[in-house]
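Undergrad: The sequence isn't on hand, but the structure is:
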């Protein structure tokens, strides 16, 4: 069995489409179909079925997929080991990141990564957490770094960096009295929300649900599509919101924003590294993932000291 044909087969199983698989592996659809037909002839078994618009593996296809992913993963590990031994790891890796890790975490880590692997180019796409998870699953992104988790069987999530959401307001806001606030105090003020699919918004909804409230209980007055836009909205007096401490640290220091204490609410959340299950990373993507894991471990050690 040829490695390339196994790669094409796995992509069809993951994307459930010959057309999407052809685009992902940059082959024509007839060539992809030929690869699968050749595999089926070699094994003497039907590997996929078409159910409407979806392509699904047969029982034998599912068996082959499990072994094929192991073969591909071992191949990538071998290539990476050899490239690292030769000291010439190079290429591109594409990372999807939600706004906070993409803006306040990854730039410094890319810098330290490049000092170790100067021939690797890291491409970061800032996107909504849900959109990133989808693109990682489809293979468009090698890795994702997001602030929320979903029940997606095809992905694995590893908690890395810690973050804290703070209630943020204009310094002149009536809630800025130096006293801890309760969840109910959130409902007395106009509230700025992030767009659906935002990890920050998902965490806010979870905090409210924990206290028996719903997102609809908020006086939402604006829906803004980025963390920076929400900050500017607060400065303009539109309303209050909950934002990452990483993103407002400098504004709080300058006094253009205030972080208000919330009673009995930690606001802590992790950022997750998102990878496809049972799929080998490219050598350069695997190197970057290892760099993220090492940096997160070091940050957690420092936080405990």
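TA: Sure, I can see it. Predicted model, so just to flag it, every value in this text is computed and none were measured.
Undergrad: What about residue 79, how many residues nearby?
TA: The local packing of residue 79 (other C-beta atoms under 10 Å) involves 15 other residues. Backbone N, C-alpha and C define where each C-beta goes, glycine included.
Undergrad: brain fart, residue 73
TA: When neighbours are counted by other C-beta under 10 Å, residue 73 registers 15.
Undergrad: Could you measure from it over to residue 278?
TA: Remark: distance between residue 73 and residue 278 (C-beta to C-beta, to the nearest Å) = 8 Å.
Undergrad: try residue 228
TA: Residue 228 is 37 Å from residue 278, by C-beta to C-beta.
Undergrad: between these two, who's got more neighbours?
TA: It is residue 278, of residue 228 and residue 278, that has more neighbours when counted by other C-beta under 10 Å, with 16 against 13.
Undergrad: List the contacts of residue 201.
TA: Applying C-beta atoms under 8 Å, 6 or more residues apart in numbering to residue 201 gives the contacts 193-195.
Undergrad: repeat for residue 91
TA: If a contact means C-beta under 8 Å, 6+ apart, then residue 91 has 119-121, 282-284 as its contacts.
Undergrad: In three-state terms, label the closest residue to residue 116 other than its chain neighbours for me.
TA: Leaving aside its chain neighbours, residue 116 sits nearest to residue 291 (7.3 Å; criterion: C-beta to C-beta, 6 or more residues apart in numbering). Classification of residue 291 using DSSP: H, G, I helix; E, B strand; the rest coil returns helix.
Undergrad: What count of nearby residues applies to the closest residue to residue 265 other than its chain neighbours?
TA: Among residues not flanking residue 265 along the chain, residue 207 sits closest, at 6.2 Å (C-beta to C-beta, 6+ apart). Using other C-beta under 10 Å, residue 207 has 18 neighbouring residues.
Undergrad: Am I right that residue 207 is in a strand?
TA: No: per three-state DSSP, residue 207 lies outside any strand segment and is helix.
Undergrad: ok, it to residue 264 distance?
TA: Remark: distance between residue 207 and residue 264 (C-beta to C-beta) = 11 Å.
Undergrad: Same check on residue 232?
TA: 30 Å.
Undergrad: which residues touch the residue nearest to residue 116?
TA: By C-beta under 8 Å, 6+ apart, the neighbours of residue 291 are 109, 112-113, 116.
Undergrad: Then residue 245?
TA: Going by C-beta under 8 Å, 6+ apart, residue 245 touches 163-166, 259.
Undergrad: State the phi and psi torsions of it.
TA: phi -60, psi -30 (degrees, to the nearest 10).
Undergrad: per-residue pLDDT, it?
TA: With respect to pLDDT, residue 245 scores 90.
Undergrad: got it, and residue 124?
TA: Per the predicted model, pLDDT is 95 at residue 124.
Undergrad: is it true that it touches residue 106?
TA: Yes: counting by C-beta atoms under 8 Å, residue 124 does reach residue 106; the two are 5.7 Å apart.
Undergrad: which residues are in contact with both of these two?
TA: Common contact partners of residue 124 and residue 106 (C-beta under 8 Å, 6+ apart): 95, 97.
Undergrad: residues near the residue lying closest to residue 160 once chain neighbours are set aside, how many?
TA: Nearest in space to residue 160, with sequence neighbours left out and distances taken as C-beta to C-beta, 6+ apart, is residue 296 at 3.9 Å. Neighbour count of residue 296, defined by other C-beta under 10 Å: 20.
Undergrad: just residue 143 next, same as before
TA: Residue 143: 21 surrounding residues under other C-beta under 10 Å.
Undergrad: Contacts only, for it.
TA: 93, 95-96, 136, 273-275, 281, 285, 288-289, 292.
Undergrad: let's see 6 Å
TA: Applying C-beta atoms under 6 Å, 6 or more residues apart in numbering to residue 143 gives the contacts 95, 289.
Undergrad: Next: residue 205.
TA: For residue 205, the contact set (C-beta under 6 Å, 6+ apart) comprises residue 215.
Undergrad: quick one: it from residue 196, how far?
TA: Using C-beta to C-beta, residue 205 is found at 10 Å from residue 196.
Undergrad: Which residue ranges of the stretch 201-305 of the chain form strands?
TA: Counting by DSSP state E, counting those that start in this stretch, the stretch 201-305 of the chain has strands at residues 219-224, 241-244, 258-260, 268-276.
Undergrad: Please identify the most buried of these.
TA: Ranked by mean neighbour count, those are led by strand 241-244 with a mean of 27 (mean count of other C-beta atoms under 10 Å).
Undergrad: Return the set of buried residues in the helix or strand bottoming out on mean pLDDT in the chain.
TA: Here the helix or strand of the chain ranked lowest by mean pLDDT, DSSP states H and E is helix 283-304, holding a mean of 80. Neighbour counts using 16 or more other C-beta atoms under 10 Å place 283-289, 291-292, 295-296 of helix 283-304 among the buried residues.
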